[in-house]
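1. Have a look; sequence and predicted model below, questions after that.
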Amino acid sequence: MAQEVIHNAQQGAMDVAQLGLDANCDVAAHLQAGYISAPVETNKTQERLKVNGEVVDGQDKVLNEGALSLLSSLCRQFAAEVSELLENRKSQQAKYDAGGTLDFLPQTKAVREGNWQVRGIPADLINRRVEIAGSVDPLMLINGLNSNANVFVADLEESPASSWNELIEKQVNLRGAVRGEIEFTSPETGKYYLLNDAPAVLFCRVRGLHMVEHHLEFDEAAIPAALFDFALYFYNNYRQLLAKGSGPYFYLPKMESHLEAKWWAKVFAFVEERFCLQPGTIKCTCLIETLPAVFEMDEILFELRSNIVALNCGRWDSDFSYINTGRNHSDELSTDKQMFTVGESFLSVYSRLLVKTCHKRGALAIGGVATYFQAKTNEISAERLEKIRIDKELEARNGHDGTCVEHLELVDAVTEIFNQYIGAEQANQLHITRDVDGPISARELLQGVGITTNVRLDIRADSESNAA
């Protein structure tokens, strides 16, 4: 398929390697004069993609011909397989409900015992001591990127758009953030906000594979929301990100098996080849926030080894998944709320296993998000701040390279904790192998304790938050 080369007059001549472009690409000779755009899909393929919604402000910026072309191609190549992966989830849950047990997969033992590592970590991702995750509204984007955090995770999953206008607005906001153009004036105070000169590294957290985007249809079926989020963020921003020494970085949530990781690896490889990018230019971090994924961390890293740089110990979704997956195994299931801080039982074992697995493979291990706050007031009490401190100190002692928070007020305090353990001479704790740990069994990951009334209320609240 012919490629279309677009000259960028403002950027001028760019080095092929600086842009992450593959020098072996058949159009590489043209690349020093500019960038390469998406190849245009055939009219027949693009006609299969239908937009259900009236044109809204900013749509021409992010849902342009190139973005539609890429999205059409991704849907044609990969959308059908998403349905198969979701059916596999149901099948696995049914087996477990019928009395089957979760364990490390015997068929992938060679992967777990093999001597291999992930491709590598870009320079701007070596130090990820503190990440902050937040919504994609202008104020949160600006404050998060301007904070002292190393990474800001723009979360498209936990705050999904309720309208077509909001969906487009989120992508427009991301586009503005990447270009340093986003700004905000508070209607209440008149205060003006804009990005600093050295913002945090930006990640885009796409929606999970279980979610669909009804505003677009391919062959008369709603498309996977993950493909929409990925395609628009990548297409509209990859050139600008690469030009400033960063890259298209993604967080992948709700993964339940290495088969889903393999699907993402195929998506990334397809896009990299299509845009003449060097293999591994797209980077991702996977959230290990479902119980099945805990047993397949090696396999997930292996399937995504060209693109993955870290796993994140997504603790609170693990809480819900742990309860849901084990619903018919009360003998194994722990539902004491104290079990769901890293300092106790399952999640302590899980945290150490994630660190050991990641560091063996050359990937970073990121701690789970801290969410000890009052839901109605969004305030953090002194008691909960102390719990966060204890929690984060244990993560740092376990060997995590960083952690994640959701409140700006926590960034500096948590940074100080990780600075104490990592120090000024190191960017991370990849040198901590946890080889002193013995093998962790499935039983240790599934051990149970008693149930209390208060715990049932907490579980219901977690379930409601996941369903929102």
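-> Sure thing, it's come through. Being a predicted model, the structure only gives us computed values, none of them experimental.
2. remind me which residues of the stretch 101-250 of the chain are low pLDDT?
-> For the stretch 101-250 of the chain, applying pLDDT under 70 flags the ranges 159-161.
3. Can you give me the neighbour number for R305?
-> Under the neighbour criterion other C-beta atoms under 10 Å, R305 is assigned a count of 18. The C-beta positions use only the backbone N, C-alpha and C, and glycine is treated the same way.
4. Against G280, how distant is it?
-> 9 Å (C-beta to C-beta, to the nearest Å).
5. which residues do the two both contact?
-> R119 (C-beta atoms under 8 Å, 6 or more residues apart in numbering).
6. Just read off the phi/psi values of A221.
-> Its backbone dihedrals place A221 at phi -120, psi 140, with angles given as degrees, to the nearest 10.
7. ditto for V56
-> In this entry, V56 is assigned phi and psi values of phi -120, psi 170 (degrees, to the nearest 10).
8. Nearest residue to it in space, please, no chain neighbours.
-> Using C-beta to C-beta, 6 or more residues apart in numbering and skipping residues adjacent in sequence, the residue nearest V56 is N165, 4.6 Å away.
9. distance of the one you found from V172?
-> 10 Å.
10. Neighbour count: those two, which is higher?
-> Ranked by neighbour count (other C-beta under 10 Å), N165 and V172 place V172 first, with 22 against 15.
11. Run through who's touching the helix or strand hosting the more buried one.
-> Using DSSP states H and E, the secondary-structure element containing V172 is helix 164-178. Judged by C-beta under 8 Å, 6+ apart, the contacts made with helix 164-178 from elsewhere in the structure are 52-54, 56-59, 61-63, 136-138, 141-142, 145, 154, 156, 161, 182-183, 195, 199, 202, 204, 213, 215, 232-233, 236-237, 240-241.
12. for stretch 414-425, same thing?
-> Outside stretch 414-425, the residues within contact range by C-beta under 8 Å, 6+ apart are 129-130, 148-149, 370, 388-389, 392-393, 396-397, 401-403, 405, 428-429.
13. now these: which count as buried?
-> 129-130, 149, 370, 388-389, 392-393, 396, 401-403, 405, 428-429 (16 or more other C-beta atoms under 10 Å).
14. Just the ones in strands from those, please.
-> In strands, judged by DSSP state E, the following of the buried ones among the contacts of stretch 414-425 are found: 130, 370, 402-403, 405.
15. Could you list the low-confidence segments of the stretch 301-450 of the chain?
-> In the stretch 301-450 of the chain (pLDDT under 70), the answer is 315-345, 371-380, 448-450.
16. repeat that with 80
-> Regions of the stretch 301-450 of the chain meeting the criterion pLDDT under 80 cover residues 315-347, 370-381, 446-450.
17. Which residue ranges of it form strands?
-> Taking DSSP state E, counting those that start in this stretch to define them, one finds strands in the stretch 301-450 of the chain at 308-312, 364-370, 402-405.
18. what about R89, how many residues close to it?
-> As a burial measure, the neighbour count of R89 was computed by other C-beta under 10 Å and equals 18.
19. helix, strand or coil for the closest residue to it other than its chain neighbours?
-> By the measure of C-beta to C-beta, 6+ apart, the closest residue to R89 outside its immediate chain neighbours is E256, 5.4 Å from it. When the structure is split into helix, strand and coil by DSSP: H, G, I helix; E, B strand; the rest coil, E256 lands in coil.
20. and E256, what pLDDT?
-> Per-residue pLDDT puts E256 at 94.
21. number of nearby residues for it?
-> Using other C-beta under 10 Å, E256 is surrounded by 25 other residues.
22. repeat for L259
-> Going by other C-beta under 10 Å, the residues that sit close to L259 add up to 17.
23. doesn't L85 make contact with it?
-> Yes - taking C-beta atoms under 8 Å as the definition, L259 is a contact partner of L85 at 6.2 Å.
24. before we move on, back to that, for Q77, which of the strands of the stretch 301-450 of the chain is the nearest?
-> Of all the strands of the stretch 301-450 of the chain, strand 308-312 sits nearest to Q77, with 20.7 Å by C-beta to C-beta.
25. list the helices and strands that closest one packs on?
-> Secondary-structure packing of strand 308-312 (3 or more C-beta pairs under 8 Å, 6 or more residues apart in numbering; DSSP states H and E): strand 283-287, helix 297-303, helix 345-360, strand 364-370.
26. In CSV: the ones you listed, plus distance to R76.
-> Putting the helices and strands packed on strand 308-312 into CSV (distance: least, C-beta to C-beta, whole Å) gives the following:
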stretch, distance to R76
strand 283-287, 22
helix 297-303, 22
helix 345-360, 34
strand 364-370, 34
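27. related to what we said a few turns ago, which among the contacts of helix 164-178 count as buried?
-> By 16+ other C-beta under 10 Å, the contacts of helix 164-178 give 56, 58-59, 62-63, 136, 138, 141-142, 145, 154, 156, 161, 182, 195, 199, 202, 204, 213, 215, 232-233, 236-237, 240-241 as buried.
28. Show only the entries of those found in strands.
-> Checked against DSSP E, the buried ones among the contacts of helix 164-178 include these in strands: 154, 202, 204, 213, 215.
29. Between the residues you listed, which sits nearest R443?
-> C204 (37.5 Å).
30. where's the closest residue to the closest one other than its chain neighbours relative to L70, distance?
-> The shortest distance from C204 to any residue other than its chain neighbours is 4.6 Å, reached at Y233 (C-beta to C-beta, 6+ apart). Distance of Y233 to L70, computed by C-beta to C-beta: 11 Å.
31. Got the phi and psi for V267?
-> Residue torsions, per degrees, to the nearest 10, at V267 are phi -60, psi -50.
32. Go ahead and confirm it touches A231.
-> No - under the contact definition of C-beta under 8 Å, V267 does not touch A231, with a separation of 9.4 Å.
33. Overlap in contacts, these two.
-> In terms of C-beta under 8 Å, 6+ apart, V267 and A231 are both contacted by the residues L74.
34. neighbour-wise, which of the two wins?
-> More neighbours surround A231 than the other of V267 and A231, with 26 against 21 (other C-beta under 10 Å).
35. A110 is in what secondary structure piece?
-> When secondary structure is defined using DSSP H and E, the element that contains A110 is helix 109-113.
36. Pull out the buried residues from that helix.
-> Neighbour counts using 16+ other C-beta under 10 Å place V111 of helix 109-113 among the buried residues.
37. Report the central residue of this protein.
-> In the chain, the residue lying closest to the centroid (C-alpha atoms, centre = their mean) is Y251, at 1.2 Å.
38. Contact partners for that residue?
-> Counting by C-beta under 8 Å, 6+ apart, Y251 makes contact with 153, 155, 203-206, 284-287, 312.
39. From the buried ones among the contacts of stretch 414-425, pick the one nearest L354.
-> The closest of those to L354 turns out to be D401 (C-beta to C-beta; 10.8 Å).
40. Verify the stated contact: A293 with P253.
-> No - here A293 lies out of contact with P253, judged by C-beta under 8 Å, at a distance of 10.4 Å.
41. Isn't the residue nearest to R89 up against E289?
-> No - with contact defined as C-beta under 8 Å, E256 and E289 do not form a contacting pair (9.6 Å).
42. ok so, going back, in a markdown table: the strands of the stretch 301-450 of the chain, plus distance to S381.
-> Listed next are these as a markdown table, based on distance: least, C-beta to C-beta, whole Å:
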| stretch | distance to S381 |
| --- | --- |
| strand 308-312 | 25 |
| strand 364-370 | 13 |
| strand 402-405 | 16 |
